[in-house]
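*Asks:* From the sequence below, what's the structure:
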Amino acid sequence: MTGPASRGWRSPAVILGAGALLLAISLGIRHAFGLFLAPMSRDHGWTREVFAFAIALQNLVWGLAQPFAGRLADRLGAARVILVGSALYVAGLVLMAGAHSGAMLAASAGLVIGLGLSGTTMPVVFGAIVRSTPPERRSLAMGVAMAVGSLGQFAMLPGALSAIEAFGWGATLLGLAALGVLMAPLAAALTERPAAGAARRAVRPLRAVLAEALAHRGFWLLSVGFFVCGFHVVFIATHLPAFLTDRGLPPRTGAVVLALVGLFNIAGSYLAGLLGGRRSKPGLLVGLYAARAVVLAAFILLPVTEVTAWAFGAAMGLLWLSTVPLTNGTVATVFGPDDFALLGGIVFLFHQVGAFLGGWLGGRLYVLTGSYDVVWWLSVGLALVAALLNVPVREVPVARLGAAPARAT
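*Replies:* Coordinates of the predicted model:
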């Protein structure tokens, strides 16, 4: 792939802007799925487990496909992968609008949209951004991209809820599909030129790339820590609206809280990217996961009111996807940018296994116990484990990169 050198109109700023907008659309649509749980389940007579399983499957498929999408993006360029991912994402939304059974919902919302997300989200988009950005600005660039992506989450939720109330969930899904079409033209700005990359460096065999990463203790610790992030994000995004309704709060409260998560995530992601360029990213991850444990415990122990729900949304928003620039920035520092989308995709696979369990287990344990209490406390424990896992991680480039002193990227 091409490096920071000139790409005509595709300057680093253009690539960052297009990548950020693409994330805003892709993640914004995905963030709204929790709003469809109640109306779709009610209209079809499903238990919450049916919808929860489809979303859990979506996250698992997304994670399993991500390393392959990342490898293709590293070799062929991000734009082609994004185009295919956009087509699958839009097709999945259209099929989801017509789903009348649990199997159809799992195939559309789970399988097809999961594949689409693997081609339109962080590892693929970040790969293009990392390869076009000087090392000293990569962490900030990823933080800016995540901040704009979070703006999409914030903006999408109120609009999606209003559309569901006004036109129904089926028409709203078709509207989101129309919005998803806009991702395809944005991919043009992320076009890379493999020929230039081939002239610049030899392509490393897949076996060598994997052997180096899988033998690195820090790679495993980062990956398992990211598993916890996925568990938290999908459990809360999928089940929080229903949890708040169970506690007697109006349905709009859940949408407002998720919107607050997206709003405060803008600041959290930007600050994480900014601080990650100046301080130890693993050290910041330790503090971030520990803070999540405190916020989750406080939310469980305090009375659930609109005020505490809003406060929870704001606090979790600051800690929401702040893990992404820090985790991916550490991977880029340790292993370099050339195989970033593949290695970032593997780390993201762990995130999505956690997401699968967070989405599915939330529904499963609710059916078994009649409440979300067990999953909330499990989330607290996992946050503490993730904080401890990141303590021994060091930002030291591997020997292949010259064993340069640790430097923030």
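*Asks:* how close does the closest residue to residue 401 other than its chain neighbours get to residue 385?
*Replies:* Leaving out its chain neighbours, the residue that sits closest to residue 401 by Cβ to Cβ, 6 or more residues apart in numbering is residue 336, at 5.3 Å. Every residue, glycine included, has its C-beta placed from N, CA and C. Separation of residue 336 from residue 385 (Cβ to Cβ, to the nearest Å) stands at 29 Å.
*Asks:* how about low-confidence regions in the stretch 1-150 of the chain?
*Replies:* Within the stretch 1-150 of the chain, the ranges that satisfy pLDDT under 70 run 1-7.
*Asks:* If you count neighbours, what's buried in the helix or strand encompassing residue 20?
*Replies:* Using DSSP states H and E, residue 20 falls within helix 12-31. Judged by neighbour count (16 or more other Cβ atoms under 10 Å), helix 12-31 contains these buried residues: 12, 15-31.
*Asks:* Then stretch 211-223?
*Replies:* Neighbour-count burial for stretch 211-223 flags 212, 213, 216, 218, 219, 220, 221, 222, 223 (criterion: 16+ other Cβ under 10 Å).
*Asks:* now, which of these lie within helices?
*Replies:* Among the buried residues of stretch 211-223, DSSP state H puts 212, 213, 218, 219, 220, 221, 222, 223 in helices.
*Asks:* who are the neighbours in contact with the fifth one?
*Replies:* Listed by Cβ atoms under 8 Å, 6 or more residues apart in numbering, the contact set of residue 220 reads residue 214.
*Asks:* how near is the closest residue to residue 173 other than its chain neighbours to residue 237?
*Replies:* Nearest in space to residue 173, with sequence neighbours left out and distances taken as Cβ to Cβ, 6+ apart, is residue 97 at 3.9 Å. Per Cβ to Cβ, residue 97 is found 20 Å from residue 237.
*Asks:* Looking at these two, which one has more neighbours?
*Replies:* Neighbours were counted for residue 97 and for residue 237 using other Cβ atoms under 10 Å; residue 237 has more, 24 against 20.
*Asks:* SS state for the more buried one?
*Replies:* helix (DSSP: H, G, I helix; E, B strand; the rest coil).
*Asks:* Tell me if I'm right that it and residue 32 touch.
*Replies:* No: using Cβ atoms under 8 Å, residue 237 makes no contact with residue 32, being 9.1 Å away.
*Asks:* Quick one: list the elements packing against the helix or strand that residue 96 is a member of.
*Replies:* Per DSSP H and E: residue 96 is located in helix 78-97. Judged by 3 or more Cβ pairs under 8 Å, 6 or more residues apart in numbering; DSSP states H and E, helix 78-97 is in contact with helix 12-31, helix 48-76, helix 113-120, helix 122-132, helix 169-180, helix 183-186.
*Asks:* Out of these, which gets nearest to residue 261?
*Replies:* Proximity to residue 261 (Cβ to Cβ) singles out helix 12-31 among the helices and strands packed on helix 78-97, at 8.2 Å.
*Asks:* Tell me the pLDDT of the closest residue to residue 10 other than its chain neighbours.
*Replies:* Once flanking residues are discounted, residue 10 sits nearest to residue 189: 5.7 Å by Cβ to Cβ, 6+ apart. Looking at residue 189, its pLDDT stands at 89.
*Asks:* ditto for residue 197
*Replies:* pLDDT at residue 197 comes out at 46.
*Asks:* Residue 394 should be in a strand, yeah?
*Replies:* No: per three-state DSSP, residue 394 lies outside any strand segment and is coil.
*Asks:* Could you double-check that it lies in contact with residue 282?
*Replies:* Yes: assessed by Cβ under 8 Å, residue 394 is found in contact with residue 282 at 7.0 Å.
*Asks:* Pull up the overlap in contacts between the two.
*Replies:* Counting by Cβ under 8 Å, 6+ apart, the residues touching both residue 394 and residue 282 are residue 218.
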